[in-house]
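**Student:** I'll drop the sequence and a predicted model, then ask my questions.
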Amino acid sequence: MKASQRAQAIEPSLIRALRDKASTTSLDLGLGQTDLPVSEHVLALLQERLSPPAYASYGPNLGLMSMREAVAKRYGITADEVLITCGVQQGLALAFLGLVDDGDEVLIPDPGFPAYANLVRAAGAIPVSYPLSEGTQDLDIALIRPLVSDKTCYILINSPSNPTGAVHEGKNMLAVLGELHDLGVNWISDEIYEDYVYDEEHVSPASDAALVSCGVRLSGLSKSHHMMGWRLGWLTGPASIIDALKPLHQHMVTSASTLIQDAGVASLAVHDEVVSQSLAVFRERRDVVYERLMKIEGVACEKPRGAFYLWVDVHRLFRAGEDSLTFALDLLEQEDVVVIPGQGFGSAGESFIRIAYTIDKSRLEEAMDRFHRFCQRRLAERA
Ligand code: PMP
């Protein structure tokens, strides 16, 4: 017996690989999950609802109406434009399986979240990596247009971005997507970090009148409400597309967990309060790490405007023949600090590491002390 060629073509994520080598004492700047608690209000509701039989029966395939309405209210759309998923990860699988055909090409960002290329391949389509502008990591139509062929059907965008923390400048993003739409390319927007935007308002192509009918938005509660393991997200788009995706979603998962959807409704009721508290914590950490990095010779980094990652160019500290993986492994071995090698996010990540500021400030300071020491030793080797 053997696994299918489709399953064998899926590459395991380097994000997990490095984390798995770490110990319980490691300072973990690796896995992208927040360390803040789920709101008390939501936990209290869950405890109250846990008594059977309230959740013994299957829920509606597209999600509880209360949850769909809560998402619709947030975005100023209608519930028939919302489908509740088991996290954005399942939303991505649903979008690629449900929107692209065999042999279609899908533009995906490089660097970008590793699930994109793998899930496009699993759907029988072809991922085509598009570069981002140097430094700001923004969309640049001059870099993307040459990659469009008559098979290109979608572009995946992710702003704020994992791994770079970059936020696409709104006007330019809408113009790029508009121009691509004229070439027959629709959009899929992964907005899982939409609430972690530090210096401006988040812009979604779904809020643009000219673009709303030619794409789907994915988001969820994993990051904004610290509910990573509860697996709750959504896909929004034209009602006709939600209807078309329903049978596939039904056969895949039946529905997202009804208990967790109830927690989702409660979370969205306290959304602004939770998000503003989290944002203040993460903004402070971002500033601490960025300022520390600016004092380290040999590293370069743009100040990220979103998510909770820093994308740090460390290639000047590589030994001969080294790459971002061996660099990250050496850092783990010598200083017990986990970072993710940039190559895990595509070939454009080769010179970089990703730092997640998802531990408290004092441990973050300790991690930066260790990283600074490590970089100084690398520099001294050169002298
Ligand atoms: N997209 C991006 C860019 C992510 O970073 C992640 C999680 N790290 C996901 C999607 C998956 O999110 P979820 O937990 O909602 O499945």
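**Tutor:** Looks like it arrived, so ask away.

**Student:** all helices of the stretch 1-150 of the chain, in order?
**Tutor:** Assigned by DSSP state H, counting those that start in this stretch, the stretch 1-150 of the chain shows helices spanning 5-8, 14-21, 40-49, 65-75, 87-99, 115-122, 141-144.

**Student:** where among these is average confidence lowest?
**Tutor:** Lowest mean pLDDT of the helices of the stretch 1-150 of the chain: helix 14-21, a mean of 76.

**Student:** any part of that one near the ligand?
**Tutor:** No. Helix 14-21 does not reach the ligand (CB under 6 Å from any ligand atom); its nearest approach is 7.9 Å. (Each C-beta comes from the backbone N, C-alpha and C, glycine too.)

**Student:** what residues sit buried inside that helix?
**Tutor:** Buried residues in helix 14-21, counted by 16 or more other CB atoms under 10 Å: L14, I15, A17, L18, R19.

**Student:** next one: stretch 367-383
**Tutor:** Buried residues in stretch 367-383 (16+ other CB under 10 Å): A367, M368, R370, F371, H372, F374, C375, R378.

**Student:** picking that back up, for A239, which of the helices of the stretch 1-150 of the chain is the nearest?
**Tutor:** helix 65-75 (11.0 Å; CB to CB).

**Student:** could I get the closest one in CSV with only the CA atoms?
**Tutor:** The C-alpha coordinates for helix 65-75 follow below in CSV (Å, rounded to 0.1, in the frame of the first residue of the first chain):
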residue,chain,number,x,y,z
MET,A,65,-26.8,31.4,11.2
SER,A,66,-25.7,33.3,14.3
MET,A,67,-22.1,32.9,13.4
ARG,A,68,-22.6,33.8,9.7
GLU,A,69,-24.6,36.8,10.8
ALA,A,70,-21.9,37.9,13.2
VAL,A,71,-19.3,37.7,10.4
ALA,A,72,-21.6,39.5,8.0
LYS,A,73,-22.2,42.3,10.5
ARG,A,74,-18.5,42.8,10.9
TYR,A,75,-17.9,43.3,7.2
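
**Student:** return the closest of the buried residues of helix 14-21 with respect to the ligand.
**Tutor:** Among the buried residues of helix 14-21, I15 lies closest to the ligand (CB to the nearest ligand atom), at 7.9 Å.

**Student:** right, and the closest one touches Q343 too?
**Tutor:** No. If you go by CB atoms under 8 Å, I15 and Q343 don't touch, sitting 11.4 Å apart.

**Student:** tally of neighbours for V71?
**Tutor:** Neighbour count of V71, defined by other CB atoms under 10 Å: 25.

**Student:** now the one 5 residues further on
**Tutor:** Burial measure for G76: 8 neighbouring residues, criterion other CB under 10 Å.

**Student:** same check, this time on the one 10 residues further on
**Tutor:** Residues near C86, counting by other CB under 10 Å, number 22.

**Student:** how about the residues of this protein near the ligand?
**Tutor:** So the chain meets the ligand at 32, 87-89, 113, 158, 162, 190, 192, 220, 222, 228, 233 (CB under 6 Å from any ligand atom).

**Student:** now do 5 Å
**Tutor:** Proximity of the chain to the ligand is confined to G32, G87, V88, Q89, F113, N162, D190, I192, G220, S222, G233 under the rule CB under 5 Å from any ligand atom.

**Student:** strands - which of those residues land there?
**Tutor:** Of the residues of the chain next to the ligand, the ones assigned to strands by DSSP state E are D190, G220, G233.

**Student:** of the helices of the stretch 1-150 of the chain, which is nearest R354?
**Tutor:** Nearest to R354, of all those, is helix 14-21, at 8.4 Å by CB to CB.

**Student:** by contact count, what packs against that closest one?
**Tutor:** helix 324-335, strand 340-341 (3 or more CB pairs under 8 Å, 6 or more residues apart in numbering; DSSP states H and E).

**Student:** please work out which of those is packed deepest.
**Tutor:** Greatest average neighbour count among the helices and strands packed on helix 14-21 goes to strand 340-341 (a mean of 28), per mean count of other CB atoms under 10 Å.

**Student:** that one: how far from the chain's middle?
**Tutor:** 15 Å (CA atoms, centre = their mean, to the nearest Å).

**Student:** quick one on the thing from earlier: list just the nearest of the buried residues of helix 14-21 to I126.
**Tutor:** Distance to I126 across the buried residues of helix 14-21 (CB to CB) is lowest for L14, with 21.9 Å.

**Student:** test my guess that that closest one contacts P114.
**Tutor:** Yes. With contacts counted by CB under 8 Å, L14 reaches P114, the gap being 7.3 Å.

**Student:** which residues do those two both contact?
**Tutor:** By CB atoms under 8 Å, 6 or more residues apart in numbering, L14 and P114 have these common neighbours: G344.

**Student:** quick one, helices of the stretch 151-300 of the chain?
**Tutor:** Counting by DSSP H, counting those that start in this stretch, the helices of the stretch 151-300 of the chain are 170-182, 239-253, 258-269, 271-294.

**Student:** the first one: which residues count as buried?
**Tutor:** By neighbour count, and taking 16+ other CB under 10 Å as the criterion, the buried residues in helix 170-182 are G170, M173, L174, V176, L177, L180, H181.

**Student:** a markdown table for the buried residues of helix 14-21, including distance to L43?
**Tutor:** Formatted as a markdown table, the buried residues of helix 14-21 follow (distance: CB to CB, whole Å):
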| residue | distance to L43 |
| --- | --- |
| L14 | 33 |
| I15 | 28 |
| A17 | 33 |
| L18 | 31 |
| R19 | 26 |
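
**Student:** pLDDT at the spatially most central residue of the chain, what is it?
**Tutor:** For the chain, the residue sitting closest to the mean C-alpha position, by CA atoms, centre = their mean, is N162 at 4.8 Å. On pLDDT, N162 comes in at 97.

**Student:** tell me the spacing between it and L132.
**Tutor:** 13 Å (CB to CB, to the nearest Å).
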